[in-house]
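1. quick one: sequence plus predicted model below, questions after.
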Amino acid sequence: MQTHLSEAAKHLARAEEAESILRACVHCGFCTATCPTYQLLGDELDGPRGRIYLIKQVLEGEPAGASTQQHLDRCLSCRNCESTCPSGVQYHNLLDIGRAVVERQVTRPLGQRLLREGLRAVVPHTAAFKALARTGQALRPLLPASLKAKLPAVLATPGERPPLRHARRILLLEGCVQQALSPRTNAAAARLLDRLGISVEPVAEAGCCGALDYHLDAQTQGLERARRNIDAWWPAIEAGAEAIVQTASGCGAFVRDYGHLLQHDPRYAGKAARVSALARDLVQVLQAEPVERLGVCAEQRLAFHCPCTLQHALKLGGAVEALLKRFGFHLTPVPDGHLCCGSAGTYSLTQPALARQLRDNRLDALESGGPGVIATANIGCQLHLGGAGRTPVRHWVEVVEAGLGGGAGGG
């Protein structure tokens with residue numbers, strides 16, 4: 001695609017990257033066929049190709065308006081289009097660049113600003129978010145249905161974690177939302193890894209991965225969170241930690257991108273590249289281990305929802321399913337498993353109508369094989385799908401540990 005950046009766009013920090021991505025697009029339209037929002041809305045501008053044209057126009061000097069912003073906002077950043085693009089267009093990077101430019105040109109309505117700033121003010125701060133979640137739980141009967149759906153019926157306690165006792169050590173990203181609303185996930189992961197002779201080294205200073213800020217119009221703040229995590233992890237990395245593991249694929253996709261996003265930062269480029277190289281989804285660690293010696297789970301019918309970040313961003317589609325089969329689970333078929341559930345970080349809050357449509361479509365597909373439980377690999381998907389109050393939804397590592405009988409085990 002030919003493009004001629006405006007003089008203002010040429011001075012953007014990522015101008016060359018934007019131009020390179022635009023030129024890679026051959027407008028074939030394969031991306032449109034797999035775009036969830038295009039499937040729902042049937043509008044070219046609500047598909048990747050149309051959004052690319054909108055961003056191109058803005059970078060070439062055309063003024064952006066509220067309509068431009070709305071079409072970009074409606075994108076889930078699911079990256080399904082990248083999986084189907086024959087030209088390897090890095091759409092998500094172009095979207096980040098385009099959104100930042102449009103954000104500087106278009107003033108959002110007050111309601112949108114308050115929602116986004118409120119989410120950024122609370123959610124990444126674990127203590128504040130936990131307190132808010134507890135308050136919400138206490139007031140649950142008074143909450144509107146839309147808010148009730150975002151809170152689990154019961155706020156769980158994480159349970160015990162094994163002590164540091166193995167030579168093999170990994171770091172575990174604790175995250176923000178997951179610590180408050182699904183704290184058993186990382187605890188279950190730590191216990192399962194301990195059974196396999198791997199200890200989880202705690203790093204209290206590491207927090208939110210930065211994705212929430214970055215995708216809510218605050219890219220500078222998101223990258224600051226990335227730098228803080230790098231600083232927090234660095235001593236353990238230098239001491240020989242073999243991986244930085246994420247149990248939430250959404251966080252994992254962003255941590256994997258640290259190296260790219262900070263490549264021009266003279267102080268952090270090298271460290272960020274190292275962190276990205278060490279980043280692993282939990283399944284990547286476990287699939288290389290002799291999990292069969294832990295004992296096979298009693299057969300249970302479950303459906304696996306493969307999050308977009310796991311299959312399209314991390315390219316790990318099928319990995320969890322294969323591991324679950326090694327544990328003895330029976331996986332029910334899931335039609336159109338490549339499609340998004342509509343969670344997409346904060347999308348279910350900023351675009352609730354579209355998110356509900358996508359969720360209900362995904363649940364219909366997931367429940368079509370009659371599973372007893374739906375397993376997933378991302379806290380956002382877990383809460384979004386579970387909020388419908390239909391088939392129970394849990395993180396797959398919790399399902400595995402329950403099937404093995406739980407407990408800390410030996411190494």
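-> It's in. Residues are numbered from 1 along each chain as shown.
2. ok, the residue lying closest to Ala298 once chain neighbours are set aside - how many residues close by?
-> Using C-beta to C-beta, 6 or more residues apart in numbering and skipping the chain neighbours, the partner closest in space to Ala298 is Gly403 (6.4 Å). Heads up, the C-betas are built off the backbone N, CA and C, glycines and all. By the criterion of other C-beta atoms under 10 Å, Gly403 has 20 neighbours.
3. try Ala33
-> If you count neighbours by other C-beta under 10 Å, Ala33 ends up with 12.
4. same deal with Ala127?
-> Neighbours around Ala127, by other C-beta under 10 Å: 9.
5. in what helix or strand does it lie?
-> helix 126-138 (DSSP states H and E).
6. other SSEs contacting whichever helix or strand the residue nearest to Ala298 is part of?
-> Taking DSSP H and E as the criterion, Gly403 maps to helix 396-404. Secondary-structure packing of helix 396-404 (3 or more C-beta pairs under 8 Å, 6 or more residues apart in numbering; DSSP states H and E): helix 184-195, helix 319-326, strand 373-376.
7. shaky segments in the stretch 301-411 of the chain?
-> 406-411 (pLDDT under 70).
8. can you name the next helix or strand after the lowest-mean-pLDDT helix or strand in the chain?
-> The weakest-scoring helix or strand in the chain, judged by mean pLDDT, DSSP states H and E, is helix 145-148 (a mean of 69). Sequence-wise, the next helix or strand downstream of helix 145-148 (DSSP H and E) is strand 168-172.
9. other SSEs contacting that following strand?
-> helix 184-195, strand 198-201, helix 219-238, strand 244-246.
10. most packed of the ones you listed?
-> With neighbours taken as mean count of other C-beta atoms under 10 Å, the helices and strands packed on strand 168-172 reach their highest mean count in strand 244-246, at a mean of 28.
11. can you name the residues in contact with it?
-> Residues outside strand 244-246 that contact it (C-beta atoms under 8 Å, 6 or more residues apart in numbering) are 170-173, 175, 189, 200, 209, 233, 237, 252, 255, 275, 278-282, 285.
12. do the same with stretch 184-192
-> For stretch 184-192, the surrounding residues in contact (C-beta under 8 Å, 6+ apart) are 156-162, 172, 174-175, 178-179, 200, 245, 247-248, 282, 286, 294, 379, 395, 397-398, 400-401, 404, 406-409.
13. who touches Cys28 in this structure?
-> Residues in contact with Cys28 (C-beta under 8 Å, 6+ apart) are Pro86, Ser87.
14. how far away is it from Arg49?
-> 8 Å (C-beta to C-beta, to the nearest Å).
15. please name the nearest non-neighbouring residue to Asn80.
-> Per C-beta to C-beta, 6+ apart, closest to Asn80 is Thr34, 4.7 Å.
16. who are the contact partners of that neighbour?
-> Going by C-beta under 8 Å, 6+ apart, the list of residues near Thr34 reads Asn80, Cys81, Ser83, Thr84, His338, Leu339.
17. which segments of the protein make up each domain?
-> When the chain is parsed with automatic domain parsing, its domains come out as 7-105, 168-286, 295-404.
18. quick one: end-to-end distance for the shortest one.
-> End-to-end span of domain 7-105 (C-alpha to C-alpha, to the nearest Å): 16 Å.
19. ok, the second one next?
-> With C-alpha to C-alpha as the measure, the ends of domain 168-286 fall 13 Å from one another.
20. roughly how far out does that domain sit from the chain middle?
-> Distance of domain 168-286 from the chain centroid (C-alpha atoms, centre = their mean, to the nearest Å) equals 12 Å.
21. repeat for stretch 359-366
-> 19 Å.
22. report the buried residues of it.
-> If you call a residue buried by 16 or more other C-beta atoms under 10 Å, then stretch 359-366 has these buried ones: Arg359, Asn361, Arg362, Leu363, Ala365, Leu366.
23. may I have that stretch exported as PDB, CA atoms only?
-> The C-alpha trace of stretch 359-366 is given here as PDB (Å, rounded to 0.1, in the frame of the first residue of the first chain):
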ATOM      1  CA  ARG A 359     -19.600 -13.700  24.700                       C
ATOM      2  CA  ASP A 360     -23.000 -15.300  24.100                       C
ATOM      3  CA  ASN A 361     -21.800 -16.600  20.600                       C
ATOM      4  CA  ARG A 362     -18.700 -18.000  22.200                       C
ATOM      5  CA  LEU A 363     -20.600 -19.700  25.000                       C
ATOM      6  CA  ASP A 364     -23.000 -21.300  22.500                       C
ATOM      7  CA  ALA A 365     -20.000 -22.800  20.800                       C
ATOM      8  CA  LEU A 366     -18.200 -23.800  24.000                       C
END
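24. so how far is Leu115 from the closest residue to Ala66 other than its chain neighbours?
-> Excluding its sequence neighbours, the residue lying closest to Ala66 (C-beta to C-beta, 6+ apart) is Val106, at 6.0 Å. Going from Val106 to Leu115 by C-beta to C-beta gives 16 Å.
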